[in-house]
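J.: Fold the following, please.
(3 chains)
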Amino acid sequence: MSTEFYRTGAPIEDGKAPDGVIAERWDNRRFAAKLVNPANKRKLTVIVVGTGLAGGSAAATLAELGYDVKSFCYQDSPRRAHSIAAQGGINAAKNYRGDGDSVHRLFYDTVKGGDFRSRESNVYRLAQVSVEIIDQCVAQGVPFAREYGGLLDTRSFGGAQVSRTFYARGQTGQQLLLGAYQAMARQIQAGKIEMHPRTEMLDLILVDGRARGVVTRDLVTGEVRNHFADAVVLASGGYGNVFFLSTNAKGCNVTAIWRAHRKGALFANPCYTQIHPTCIPVSGDHQSKLTLMSESLRNDGRVWVPLTGGDTRAPADIPEAERDYYLERIYPSFGNLVPRDIASRAAKNVCDEGRGVGPGGLGVYLDFADAIARLGRDAVAAKYGNLFEMYERITGEDPFETPMRIYPAVHYTMGGLWVDYDLQATIPGLFVIGEANFSDHGANRLGASALMQGLADGYFVLPNTIGDYLAAGPFEPLDDAHPEVADAAEAVRTRVAKLLAVNGSRTPDSFHRELGRIMWDYCGMERTDAGLRKAVGLIQALREEFWRDVLVSGESEELNQQLEKAGRIADFFELAELMCIDALHRTESCGGHFRGESQTPDGEALRDDETFSYVAAWEYTGDRPVLHREHLTFEYVKPSQRSYK
Amino acid sequence: MIDRGAATAPVQAPDQGAGRARTERTTATKGSRATTRYRGAVGKKAVMAVTGALMIGFLVLHMIGNLKVFAGRDSFNDYAAWLRTVGEPMLPPSGFLWIQRIGLLVILALHITAAVQLTVQAKRARPVKYHVKRRVQQSYASRTMRWGGVIIAAFVVYHILDLTVGVANPAGTAADPYTRLVADFQRWYLVVAYAVPLLLLGLHLRHGVWSAAQSLGRGGTARERPIKLFATGFAVVLVAGFLLAPVGVLVGVVK
Amino acid sequence: MNLTLKVWRQKNATSRGHLTTYRVKEISPDMSFLEMLDVLNERLILDGDDPIAFDHDCREGICGMCGLVINGVPHGEQRATTTCQLHMRHFKDGDTIVIEPWRAAPFPVVKDLVVDRSAFDRIIEAGGYVSVPTGSAPDAHAVPVPKASADTAFDAATCIGCGACVAACPNGSASLFTAAKITHLGLLPQGQPERARRARAMVETADELGFGGCTNIGECTAVCPKGIPLATIARMNADYLGLAATGD
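T.: Next comes the predicted model:
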């Protein structure tokens, strides 16, 4: 393999990985982990960056345990983190339905769904903890959907064969996040959490090799300030916005974890990107983001395109015989419910054949006519009414009358900072949770598992494992004058000044749009050697142009949204290059990473377990990144080629 | 370019410092439960609701009493006199009337005080006005509660001077109640002077009845329509009842 | 389409603000309202002007970050819609659109159309939660919850905390926001132990923060992107006064 883009370093291992029977590993680890004396917890400070499901639940729980917590978010309130937008639900192995679910089955499905690129121990723990999450959330007053008997309702989601997804209409993420936010609010009131909204982390403070704090910029006053702690937890979410157009919130960014990466934390599997099949298609060049339509729509909607390309008739005028229900045709046993990556790629393929519908031919129909005929309009409205309204609001079309148009969009990033079983990164004292780490989903995340992982990490895993590290604290007190601290703060100030000083002729957004285009074209749903090589060159050239020609208006000592954007885009450039290199080096197809060169004769993803059964953890060097491999072994779920036919 | 409504009004920004020690709540200790509750806007609205309901009760009796005018001069005057002698000898002359008057005055004072305090609180809550503000839902009735209330209060003062004390009455202080009433409403402009505040009272009640139910926690999505319908019907009946006497005089049914 | 915009510009919290007129051309009806502002901002930057600051994040109507008073109506005239979900097809070529920030004393302007809504966080911190430390919960099925309660609680819990209710209220009251949380938690068995204390603390905190009182006018619910009903306020009043609430 070419080393023109990267170097290969020593393999790494998960030093905290427990062994023994898989079902006992989490218990064993918790028992082996050192405890912190309750009286000492007061003397220990933990910084948590991000207030989504992972960060919010972690901050609240750590404060409840007695630690002093400092929490940061870029939004004006911790309640607004993008977890709030998750629609579908949260998985848990409760087996309330008695339909054959179990911890082991959730574990099995998740490892398989991740296309055998995740750690068995982590996934098993996730499945175990999932059960407690539901209990905790119900006790907090999360208004999950219920049946007439007063018990919790569940549904089958994202192709799962069991009904294990708990939900709160189409707003599960919102309700879970508000539960975590309220738990935080209680601790803020109690004085145990110091909350810093509208504050962005711009660098990590390392002292003697340990993560000891963060440098932040107050987004209202522009003040650059140091915050110190005994441990730093990053819960800053995913980096899908590197594609410019994604289902992420506009403010979602990679800066927190990228700054930590530059300071030495390894970045794992950056190329694993989940493209969600059911989003509202792009309507024009002005498009600023993409809106997801819940995957649950595929339970009753049928996906189709015209049989022949260039068919411009209205959908109602196309007779059944001239429609191609391609998912049902290609995957007769799973039909419209195939996993996300497969549904997305199938949509791309039919559009590439010129059979796409709507503006630019980038869309497929999701048709509810059959469901309406079978269940009645009222039943369909009861199930999907709010989603239909949302669709109509955005497109001006009524899904009751005409089929929805959908197209895949970037939704979730499975990659993130490398962490061990304790969720600790390669920098001591730096913990990474939720979407920001790489840990549990392998190469593809199953529906309703993101909420599960965020809350598992924040409520139940991190609060147990972080004690093992903090037991060695408190560490030496720091102040702004400490040389390593002063250097970090100075670097942040210099960078802010540099962005403002370029004073070129292009807006930050114009660069971001162009970068997104490159990533979508060459590092999107299908990646090829030639395309990725080309992309690396284009990204490097564009990054060079950015630092030469970007125009950031305003000043640093004020609310300056352009400055915020420019800083985030600058980090996206560096990440984008690493994503392409990671995608280039992984010549197999797996989960959310599809290499055109590696497919079965009928066009399905083809894994190469011999060569690639590892986590690719990248080290930042400023020049060519260094690849460290963490080998993956499978004792309980034997890798097999996924088949949904 | 329009430059109105400076945004520099003295606005107390919420404390920016995060993680500061929270100010201890004082509500648990100071004052009785009632006074503590009254300090908040919800308590004031409850007071307005209860006092409003009591005044509505009075108005119903007053309106029914007025209808006596259609029974003739003697019947009406006897009723007026009875109001002054009822309760004797247990109560002194006019004793019942004074108890009622003092009671109503206290109730009215509470109603108005709470309304003024809420108005002040509302003004403080929006020191900078919108350049353009469109009403989306509010009714004419709800919008005129405050000014309507002021006009109704002014009317009550005039009404007492006119028909109770008599100094403002065309027939003078010496005339009997029936004569004063007829003297008033033979003049069309005095009928208008009574009708306009009465219509305002109707609007005040239409919103007030619904609002009182809501303020005391008796609202609810399912009840909203019935309560509002009742409020409208009640306001119409009450205002119509009050208007019968003046109109009766004007058209000559009552002489 | 071509539009005339009159936008509130204010450098920072302490400076005077004023409406500034801009003309935007070739706006597509498929654009969202915020995308229209994006287009204007891109032009302002290239012209060397300061772009208009406005809050936004998810752009799918759930985070509650965005909020503009559009022609006198918070989030614009389209019902049950946040500003980010409002699309330009609801405007006509040649329209003049006045854009102002939320106006309320407890929501001071930070810059242009951005206001500080942290007062809402203070209200929740006062008691908008169930005190249940992580790990202490009984099995989720230990306490059945009647479906009707769960559904009504959910409807109240959909509040996104955008502040449109305050912006629309002639009294600048935060009652709908406060009542939504009190209703959500007060309807569930898990919320019972703290129900009275919660209502008292949250209502009194809203008063202390400088919000106005509710006079049952109903502008709040009319502009609420999630359609939180006025019934929640009745419920809040009952809980605060120590009366049993009736109906939903």
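
J.: Which strands border the helix or strand harbouring residue A:195, and is each parallel or antiparallel?
T.: Secondary structure from DSSP states H and E places residue A:195 in strand A:193-196. The pairing partners recorded for strand A:193-196 under DSSP bridges are strand A:68-72 (parallel).

J.: pLDDT (mean, whole number) over the partner strand?
T.: Taken as a whole, strand A:68-72 has an average pLDDT of 98.

J.: buried stuff in the strand holding residue A:195?
T.: Across strand A:193-196, burial judged by 16 or more other CB atoms under 10 Å in any protein chain shown covers A:193, A:194, A:195, A:196. In this view, the C-beta of every residue, glycine as well, is placed from N, C-alpha and C.

J.: Format the residues you listed as TSV; extra columns: pLDDT.
T.: TSV is the format used below for the buried residues of strand A:193-196 (pLDDT from 0 to 100):
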residue	pLDDT
A:193	98
A:194	98
A:195	98
A:196	98
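
J.: Kindly indicate which of those residues lies nearest chain B.
T.: Closest to chain B out of these is residue A:194 (2.7 Å), distances taken as CB to the nearest CB.

J.: Now do that closest one against residue A:42, distance only.
T.: 14 Å (CB to CB, to the nearest Å).

J.: shared neighbours of these two, anything?
T.: Common contacts of residue A:194 and residue A:42 (CB atoms under 8 Å, 6 or more residues apart in numbering or on different chains): residue A:68.

J.: quick revisit: show me which of the buried residues of strand A:193-196 is closest to chain C.
T.: Distances from chain C to these, taken by CB to the nearest CB, are shortest for residue A:195, at 7.6 Å.

J.: pretty sure that closest one contacts residue A:184?
T.: Yes: the pair residue A:195 and residue A:184 passes the contact test of CB atoms under 8 Å, sitting 7.5 Å apart.

J.: what's the overlap in contacts for these two?
T.: Common contacts of residue A:195 and residue A:184 (CB under 8 Å, 6+ apart): A:71, A:78.

J.: Whether the longest helix that chain A contains contacts chain C - can you check?
T.: With secondary structure taken from DSSP state H, chain A has its longest helix at helix A:561-585. Yes: applying CB under 8 Å from any CB of the partner chain, one finds helix A:561-585 touching chain C at A:561, A:562.

J.: Tell me, what's the model's pLDDT at residue C:243?
T.: If you check residue C:243, the pLDDT there is 83.

J.: Contacts only, for it.
T.: Residues in contact with residue C:243 (CB under 8 Å, 6+ apart) are B:216, B:217, C:237.

J.: mind giving me CSV with these and columns for pLDDT and secondary structure?
T.: Converted to CSV, those look like this (pLDDT from 0 to 100; DSSP: H, G, I helix; E, B strand; the rest coil):
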residue, pLDDT, secondary structure
B:216, 95, coil
B:217, 93, coil
C:237, 96, helix
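
J.: In what element of secondary structure is the residue lying closest to residue A:381 once chain neighbours are set aside found?
T.: Nearest residue to residue A:381, sequence neighbours excluded (CB to CB, 6 or more residues apart in numbering or on different chains): residue A:388, at 7.2 Å. Assigned by DSSP H and E, residue A:388 belongs to helix A:377-395.

J.: Point out the other helices and strands that the helix or strand following that helix packs with.
T.: Toward the C-terminus, helix A:377-395 is succeeded by strand A:404-413 as the next helix or strand (DSSP H and E). Secondary-structure packing of strand A:404-413 (3 or more CB pairs under 8 Å, 6 or more residues apart in numbering or on different chains; DSSP states H and E): strand A:273-279, helix A:340-352, strand A:364-367.

J.: nearest to residue A:561, of the ones you listed?
T.: Residue A:561 lies closest, by CB to CB, to one member of the helices and strands packed on strand A:404-413: strand A:273-279, at 25.2 Å.

J.: Now the closest one: average pLDDT?
T.: The average pLDDT within strand A:273-279 is 95.

J.: That strand: what's the following helix or strand?
T.: Under the assignment DSSP H and E, the closest C-terminal helix or strand after strand A:273-279 is strand A:302-306.

J.: tell me the mean pLDDT for that following strand?
T.: Mean predicted lDDT for strand A:302-306 stands at 97.

J.: Describe which strands it pairs with in its sheet and in which direction.
T.: Next to strand A:302-306 in the sheet, as set by DSSP bridges, lie strand A:323-324 (antiparallel), strand A:364-367 (antiparallel).

J.: circling back to that earlier point, quick check, the residue nearest to residue A:381 in contact with residue A:372.
T.: No: look at residue A:388 against residue A:372 with CB under 8 Å: they stay out of range, at 10.8 Å.

J.: Show me the common contact partners of the two, please.
T.: Contact with both residue A:388 and residue A:372 is made by residues residue A:400, according to CB under 8 Å, 6+ apart.

J.: Now for residue 110: which residues touch it?
T.: Using chain A here. By CB under 8 Å, 6+ apart, residue A:110 lies in contact with A:118, A:123, A:126, A:127, A:440, A:441, A:442, A:446, A:449.

J.: meant chain B, my bad for not saying
T.: Contacts for residue B:110 (CB under 8 Å, 6+ apart) come out as B:47, B:51.

J.: how far does the helix or strand it falls within sit from the chain's center?
T.: Following DSSP H and E, one finds residue B:110 within helix B:95-125. The chain centroid and the centroid of helix B:95-125 are separated by 9 Å, computed with CA atoms, centre = their mean, to the nearest Å.

J.: Show me what counts as buried in it.
T.: Across helix B:95-125, burial judged by 16+ other CB under 10 Å covers B:95-97, B:107-108, B:110-111, B:114-115, B:117-119, B:121-122, B:124-125.

J.: Among those residues, which one sits closest to chain A?
T.: residue B:125 (19.7 Å).

J.: ok, that closest one touching residue C:167?
T.: No: if you go by CB under 8 Å, residue B:125 and residue C:167 don't touch, sitting 11.2 Å apart.

J.: got the buried residues of strand A:193-196 as TSV, with distance to residue A:568 columns?
T.: As requested, the buried residues of strand A:193-196 are exported to TSV (distance: CB to CB, whole Å):
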residue	distance to residue A:568
A:193	25
A:194	24
A:195	22
A:196	18
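
J.: Widest-spaced pair of those residues?
T.: The two members of those with the most space between them (CB to CB) are A:193 and A:196, at 9.9 Å.
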